[in-house]
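>>> compute the structure for the input listed below.
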Amino acid sequence: MPDNGIMESPAAPLPPRIIVYSLAHAESAVAAAAESGSGVALLSPAAAASSAGAPWFQALVAMAARNYPGTRVIPILDCGDAVGYALGALQGGVPVVRVTGTPETLERLTDIAGRLGARVDTAVEPALDLLDRQDVAAACAAWLRKL
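Residues are numbered from 1 along each chain as shown. Just a heads-up that it's a prediction; the model follows:
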């Protein structure tokens, strides 16, 4: 991931999650985070690692964050049950991946992620899904104000 000026521990709590499907979604989420003074975790759609890929998601997040260098923007790439994609994403610099698997698999993947300065996100916290939102900017602003 490009450096947006925010360095943190992989164990730091993640900011509110917003599921983004496009650059316009990601830009709206980051702009709302900057305006509210909060951070935002941009979560890819389910299993996006195997359909769109980690490089696409990394580029999307970097482009969305480029005009907001002081805003905490954390990408979370959903890898579904594709552990190989999760490993590739971690090795490619994605700081947070979501993956489903057995407890043993998740433990091994979490260990590898930790050695890379990254993490595996298994939280079940709510996320704003922008898929069918008409006014994306307003939805993002309201979501971040609420949390």
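
>>> so, low pLDDT: which residues of the chain?
1-11 (pLDDT under 70).

>>> for it, just list every one of the helices.
Assigned by DSSP state H, the helices in the chain fall at 23-36, 48-51, 54-65, 83-91, 103-115, 136-146.

>>> who are the contact partners of Pro75?
Pro75 makes contact with Met1, Ala41, Leu42, Ser44, Phe57, Gln58, Val61, Val94, Pro95, Val96, according to C-beta atoms under 8 Å, 6 or more residues apart in numbering. C-beta here means a position set from N, CA and C on the backbone, and glycine is covered the same way.

>>> surely the third one touches Leu23?
No: assessed by C-beta atoms under 8 Å, Leu42 is found out of contact with Leu23, at 10.8 Å.

>>> quick check: neighbours shared by these two?
Leu60, Ala64.

>>> pretty sure Val73 is touching Leu42, no?
Yes: using C-beta under 8 Å, Val73 makes contact with Leu42 at a distance of 6.4 Å.

>>> for the chain, which strand is longest?
Counting by DSSP state E, the longest strand found in the chain is strand 73-78.

>>> list the strands paired with that strand, with their directions.
strand 40-43 (parallel), strand 96-98 (parallel) (DSSP bridges).

>>> output that strand as PDB, nothing but the C-alphas.
This file holds the C-alpha atoms of strand 73-78, laid out as PDB (Å, rounded to 0.1, in the frame of the first residue of the first chain):
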ATOM      1  CA  VAL A  73      -7.500   4.800   5.600                       C
ATOM      2  CA  ILE A  74      -7.200   1.000   6.100                       C
ATOM      3  CA  PRO A  75      -7.800  -1.400   3.200                       C
ATOM      4  CA  ILE A  76      -9.400  -4.700   4.100                       C
ATOM      5  CA  LEU A  77      -9.300  -7.300   1.200                       C
ATOM      6  CA  ASP A  78     -11.900 -10.000   1.500                       C
END
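
>>> buried set for that strand?
Residues Val73, Ile74, Pro75, Ile76, Leu77, Asp78 are the ones in strand 73-78 that count as buried (16 or more other C-beta atoms under 10 Å).
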